[in-house]
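Peer 1: Generate coordinates for the sequence data below:
(one chain, ligands or ions: 1)
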Amino acid sequence: MNDRIREKSNGVVTVFAPAKINLFLAVNSKRTDGYHELTTVMAKLGIGDLVRIEKNHHLKEPILSCPGFEELENRKNLVLVAVEKWLEKVGGERGYQIGLRKKIPSMSGLGGGSSDAVSALLAMNELNDNQLSNSELKRLASEIGSDCSSFLDQGICLAEGRGEEISPIIASVTDDLLGHEIFLFRPSMGLSTAEIYRRLAHNRTYSSLEWSKERVGAWSAGKLPTEEFLHNDLEIPVFQKYLFFQPLFDQIEKEFGLKSLLSGSGSCCFTCLPKDFEKHHDLKEMIELAWGDEAWVQKTHLIR
Ligand code: C5P
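Peer 2: You can find the predicted model right below:
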């Protein structure tokens, strides 16, 4: 995880918080605790936020600033939740000045809030002689959010259970994908994860665990191309309510031969660009024509 640390000097640590996409997301069943059982493959992206934490003995409580996104400066922000959890576990001085530089749009299925939280845990630990072990950090992360644990692992990984049971994917498959260009596109509105899962539970459009394991097995054995592996069960509840996704996906497929996918519970979507792709401008224009200039469009790549 040390490669996420962007700055470390006396009493200050800055940690990069990468965004993620789900290359595969199967919802297998509803659990008795209200969550859903998942089989998902998550991949980290080169785009991300920065979490900077500085010790400040003049402060009595941790405080958060998020330039340009003042609406995120509150106690519910997962960065502050993470810092509080770390302090609860370890104790010590409470004076920390936290700066969050946001690039990942919220409510997008890109894991921004979760990744920020994990980077905050890493920064607190780094500032304080790494007092918590990796497994203790993992436990704290999984208490903050279902997909937080995955950000403690590198690159592309498999997440099961509520999303917190992480295992690595065979390197030969993932190494091939590193550096691969990803085009992200998001409509002007965000989506609530809880609402999307509620809609799916109402429809009961689950994928069987057997099928999910078979797909992941075939892909990680190199027997299924990534293009065919791409899948997200949360597209059904999202596309049912928001009718503007599918027509753009169809248009992108027809014009550029590219398959698009919703990431997580949305609203951000992505398409994996082939190595020789040169029509970025045309693709951006098509998206903005369909969803308006307010659409967010970003080229990035898969990272380790
Ligand atoms: O864990 P997290 O707070 O990120 O989840 C947000 C919401 O998404 C949960 O309250 C739940 O409604 C839904 N969810 C779910 N099953 C999961 C993950 C999330 O139903 N595995």
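
Peer 1: Any part of the longest helix belonging to the chain near the ligand?
Peer 2: As far as residue count goes, and with DSSP state H defining each element, the longest helix of the chain is helix 112-127. No. Residues of helix 112-127 are not located near the ligand by C-beta under 6 Å from any ligand atom, the shortest gap being 6.6 Å. From N, CA and C alone the C-beta is placed, and that goes for glycine too.

Peer 1: Helix, strand, or coil at residue 7?
Peer 2: Taking DSSP: H, G, I helix; E, B strand; the rest coil as the rule, one finds residue 7 in the strand state.

Peer 1: Assign a three-state SS to the closest residue to it other than its chain neighbours, would you?
Peer 2: For residue 7, ignoring the flanking residues on the chain, the nearest one in space by C-beta to C-beta, 6 or more residues apart in numbering is residue 14 at 3.8 Å. Following three-state DSSP, residue 14 is assigned to strand.

Peer 1: Residue 14 pairs with what?
Peer 2: Residue 14 forms beta bridges with residue 7, residue 52, as assigned by DSSP bridges.

Peer 1: So what's the residue count around it?
Peer 2: Neighbouring residues of residue 14 were enumerated by other C-beta atoms under 10 Å; the total is 20.

Peer 1: List the contacts of it.
Peer 2: Residue 14 is in contact with 5, 6, 7, 8, 50, 51, 52, 53, 123, counting by C-beta atoms under 8 Å, 6 or more residues apart in numbering.

Peer 1: Could you check how many residues crowd around the second one?
Peer 2: Translated: residue 6. By the other C-beta under 10 Å criterion, the neighbourhood of residue 6 contains 13 residues.

Peer 1: Quickly find the element holding the residue of the stretch 201-304 of the chain found nearest the ligand.
Peer 2: For the stretch 201-304 of the chain, the residue positioned closest to the ligand under C-beta to the nearest ligand atom is residue 265, at a distance of 7.2 Å. Using DSSP states H and E, residue 265 sits in no helix or strand.

Peer 1: Point out the residues in the stretch 1-150 of the chain that sit beside the ligand.
Peer 2: Counting by C-beta under 6 Å from any ligand atom, the residues of the stretch 1-150 of the chain close to the ligand are 35, 36, 38, 145, 146.

Peer 1: okay, the spatially closest residue to the first one that is not a sequence neighbour: pLDDT?
Peer 2: Right, the one you point to is residue 35. Residue nearest to residue 35 in three dimensions, not counting chain neighbours: residue 162, with 4.7 Å by C-beta to C-beta, 6+ apart. As predicted, residue 162 sits at a pLDDT of 97.

Peer 1: Pull up the gap between residue 162 and residue 29, please.
Peer 2: Distance check for residue 162 against residue 29: by C-beta to C-beta, to the nearest Å, it reads 12 Å.

Peer 1: Same list (the contacts of residue 14) but as a markdown table, adding pLDDT.
Peer 2: Written out in a markdown table, the entries for the contacts of residue 14 read as follows (pLDDT from 0 to 100):
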| residue | pLDDT |
| --- | --- |
| 5 | 96 |
| 6 | 96 |
| 7 | 93 |
| 8 | 95 |
| 50 | 98 |
| 51 | 98 |
| 52 | 98 |
| 53 | 98 |
| 123 | 98 |
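
Peer 1: Quick one, which of the residues you listed are buried?
Peer 2: Listed as buried from those are 50, 51, 52, 53, 123; burial here means 16 or more other C-beta atoms under 10 Å.

Peer 1: quick one: contacts for the residue sitting nearest the centre point of the chain?
Peer 2: Most central in the chain under C-alpha atoms, centre = their mean is residue 111, positioned 2.7 Å from the mean C-alpha point. Residues counted as contacts of residue 111 (C-beta under 8 Å, 6+ apart) are 19, 20, 42, 104, 147, 150, 151, 264.

Peer 1: which phi and psi does residue 193 have?
Peer 2: Backbone torsions for residue 193, taken as degrees, to the nearest 10, come to phi -60, psi -50.

Peer 1: Need the pLDDT of the residue of the chain most remote from its centre.
Peer 2: For the chain, the C-alpha lying farthest from the average C-alpha position belongs to residue 58; by C-alpha atoms, centre = their mean, that distance is 34.4 Å. Looking at residue 58, its pLDDT stands at 97.

Peer 1: and it, which of the three is it?
Peer 2: Using three-state DSSP as the criterion, the local structure at residue 58 reads coil.
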